[in-house]
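Chemist: Please find the sequence and the predicted model below.
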Amino acid sequence: SQTIHQWPATLVQPVGSPLSLECTVEGTSNPNLYWYRQAAGRGLQLLFYSVGIGQISSEVPQNLSASRPQDRQFILSSKKLLLSDSGFYLCAWSTGRTDTQYFGPGTRLTVL
Amino acid sequence: GNSVTQMEGPVTLSEEAFLTINCTYTATGYPSLFWYVQYPGEGLQLLLKATKADDKGSNKGFEATYRKETTSFHLEKGSVQVSDSAVYFCALSPLTGTASKLTFGTGTRLQVTL
């Protein structure tokens, strides 16, 4: 069966510090991968998605970037965090042309 | 563009009450529709889905019917339990290109009390 992991689970970072969140998927190959952000009390916003190694599409211009160095690894990064980057970050995967996405447990980021 | 509108929460119900959470959508073509559930501090879990008009998705006693004529996908459960307390998200996928890009509603918090 497929599983998706995210780490760290929680993170507290000062403004201006760098960020690296990691997501890995097991049990499937060539998945589509997604990063979402959920701000407090709000819905989910798609940030990035990837259909293959090195292929990243950005949905919202912002202070963040994404990379996919391996087939089942998806990384969310920032060089300098802003207060507005605080939120709950969720990674998800889907296969082929199916439209069902499966979510990881999330990372709660607090920028102080 | 695509959009999903959910009823405002929170919704507070007594155990064994009937649940309806309204969801309407705007999209071109024939999107797939989903309900996800998020328990406190956790990621989202797929609850049910429907891929074409008049399809009924069901899981764990929850049901939703894809109504194209009213562009709706309302979530229902006949008898809620305390363990159903969570945030429920309605979402759609247009399935364009090679990756589905879900559009979510803002979520509806459900609290079930004894």
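Modeler: Cool, the structure landed. In this text the structure is predicted, and so the values were computed from the model without any measurement.
Chemist: backbone phi and psi for residue A:35, please?
Modeler: phi -120, psi 130 (degrees, to the nearest 10).
Chemist: OK, contacts around it?
Modeler: Counting by CB atoms under 8 Å, 6 or more residues apart in numbering or on different chains, residue A:35 touches A:23, A:46, A:47, A:48, A:49, A:66, A:74, A:76, A:89, A:90, A:91. Bear in mind the C-beta positions are built from the backbone N, C-alpha and C, glycine included.
Chemist: what is it paired to in the beta sheet?
Modeler: Here residue A:35 sits in beta bridges with residue A:48, residue A:91, going by DSSP bridges.
Chemist: Kindly report the same for residue A:78.
Modeler: Assigned bridge partners for residue A:78, using DSSP bridges, are residue A:19.
Chemist: thought it was touching residue A:47?
Modeler: No - using CB atoms under 8 Å, residue A:78 is not in contact with residue A:47, being 11.1 Å away.
Chemist: Please see if the host helix or strand of residue B:91 touches chain A.
Modeler: Assigning secondary structure by DSSP states H and E places residue B:91 in strand B:86-93. Yes - Strand B:86-93 is in contact with chain A by CB under 8 Å from any CB of the partner chain, via B:89, B:93.
Chemist: what about residue A:101, how many neighbours?
Modeler: Per other CB atoms under 10 Å in any protein chain shown, the neighbour tally for residue A:101 reads 28.
Chemist: ok now the helix or strand hosting residue A:32, how far from the chain's centre?
Modeler: Here residue A:32 sits within strand A:31-38, counting by DSSP H and E. Here strand A:31-38 shows a centroid-to-chain-centroid distance of 5 Å under the convention CA atoms, centre = their mean, to the nearest Å.
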